[in-house]
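Asker: can you look at this prediction? I've put the sequence above it.
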Amino acid sequence: MIKKKCEHCKKEFEVPDYIEKYKARRFCSKKCADKIYLFKKGHSVSDLVKEKVSKANKGRIPWMKGLTKETDKRLKRMGEMIAGENHPRWKGGRIKSKRGYVIAYAPSHPFAKYKNGAYLLEHRLIYEEYLRRNDPRSKFLIKLGDQLYLRQECVVHHKNGVLWDNRPANLKGYENNKEHLGDGKHVELVCRVCGRKYDTLKSKIKGKRGKYCSRECFNTRGHNK
């Protein structure tokens with residue numbers, strides 16, 4: 001047995017000859033070794049290691065310090081080498097979001113807003129391409145430069161409710177969200193008090209409020225308590 005002194009707690013410990021022959025022991029336990037090199041929580045580097053790294057790199061200036069992709073061609077080239085299809089984790093440019101929609105890689109699209117402006121909702125891209133081929137004069141399209149794009153305020157609806165079913169036959173466009181929400185849900189009625197025609201939701205017809213055009217007409221019937 002060989003007697004040694006722990007570099008952390010300064011406690012003496014014994015090491016068998018056959019272990020010391022192949023691997024030098026510096027600490028009495030793994031606990032002492034972790035306190036010198038790595039902490040258990042978060043695996044953050046200890047102050048001793050930081051000090052050694054700082055001394056080793058003292059006086060060295062990184063070649064890319066103060067440079068950006070806009071000012072240096074080398075950094076721009078490095079970014080392009082691992083972007084898009086060249087990235088090792090590339091999965092075809094289609095990602096399913098938490099809401100159930102599929103977003104597609106379209107970095108050149110002016111309305112791309114997901115993933116730092118590189119992705120756009122796939123059903124909007126498909127419906128946009130469908131209108132370009134079949135109805136280029138559609139009110140849903142806007143011309144930017146030499147290309148037609150789907151207006152940002154337009155809403156593309158999935159007919160069967162399946163958010164990842166992006167077949168053109170399953171998509172329907174609306175001019176805005178108000179038109180989308182009111183499609184098939186509104187009905188025209190006549191107020192029981194003043195006789196004026198008004199639009200209301202079908203879900204409100206069963207209640208008392210759905211039979212009157214305004215709050216004033218509703219209050220005149222004595223239903224407000």
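Answerer: Happy to help now that I have it.
Asker: next, find the distance separating the closest residue in space to Leu163 that isn't next to it in sequence from Glu122.
Answerer: The shortest distance from Leu163 to any residue other than its chain neighbours is 4.0 Å, reached at Gly100 (Cβ to Cβ, 6 or more residues apart in numbering). No exception for glycine: its C-beta is placed from N, CA and C like everyone else's. When distance is defined by Cβ to Cβ, to the nearest Å, Gly100 is 12 Å away from Glu122.
Asker: next: Asp146.
Answerer: Using Cβ to Cβ, one obtains 23 Å as the distance from Asp146 to Glu122.
Asker: please enumerate the helices of the protein.
Answerer: 17-22, 30-36, 47-56, 73-81, 122-134, 177-182, 215-220 (DSSP state H).
Asker: give me the domain ranges for the protein.
Answerer: For the chain, whose domains are defined here by automatic domain parsing, the residue ranges read 2-56, 93-182, 186-220.
Asker: Gly100 and Glu122: which is more packed in?
Answerer: Higher neighbour count among Gly100 and Glu122: Glu122, with 20 against 10, using other Cβ atoms under 10 Å.
Asker: excluding its backbone neighbours, what's nearest Phe13?
Answerer: Counting by Cβ to Cβ, 6+ apart, the nearest residue to Phe13 once its immediate chain neighbours are dropped is Cys28, at 4.1 Å.
Asker: so what's that neighbour up against?
Answerer: Taking Cβ atoms under 8 Å, 6 or more residues apart in numbering, we find Cys28 in contact with 6, 8-9, 11, 13.
Asker: which one in these is the model shakiest on?
Answerer: Comparing pLDDT over the contacts of Cys28 singles out His8 as the least confident position, at 82.
Asker: could you give the bridge partners of Lys96?
Answerer: Taking DSSP bridges as the rule, Lys96 bridges to Val102.
Asker: surely it meets Leu121?
Answerer: No - because the distance of 11.4 Å does not satisfy Cβ atoms under 8 Å, Lys96 is recorded as not touching Leu121.
Asker: joint contacts of those two?
Answerer: Contact criterion Cβ under 8 Å, 6+ apart; residues bridging Lys96 and Leu121 by contacting each: 102-103.
Asker: of these two, who's got more company?
Answerer: Set side by side, Lys96 and Leu121 show unequal neighbour counts under other Cβ under 10 Å, the larger going to Leu121 at 23 against 12.
Asker: hey, what's the more buried one bridged with?
Answerer: Residues found in beta-bridge contact with Leu121 (criterion: DSSP bridges) are Ile103.
Asker: how much space separates it from Ser138?
Answerer: 18 Å.
Asker: before we move on, what about Pro110?
Answerer: Counting by Cβ to Cβ, the gap between Pro110 and Ser138 amounts to 18 Å.
Asker: same question, Arg26
Answerer: Arg26 sits 75 Å away from Ser138, taking Cβ to Cβ as the criterion.
Asker: check His123 too.
Answerer: 16 Å.
Asker: looking at the two, which one has more neighbours?
Answerer: Legend: neighbour count by other Cβ under 10 Å for His123 and Ser138, higher for His123 (23 against 16).
Asker: go ahead and confirm that one touches Asn166.
Answerer: Yes - here His123 lies in contact with Asn166, judged by Cβ under 8 Å, at a distance of 4.4 Å.
Asker: flag the shaky bits of this protein, pLDDT-wise.
Answerer: Along the chain, the model assigns pLDDT under 70 to residues 20-23, 37-46, 182-187, 199-210, 222-225.
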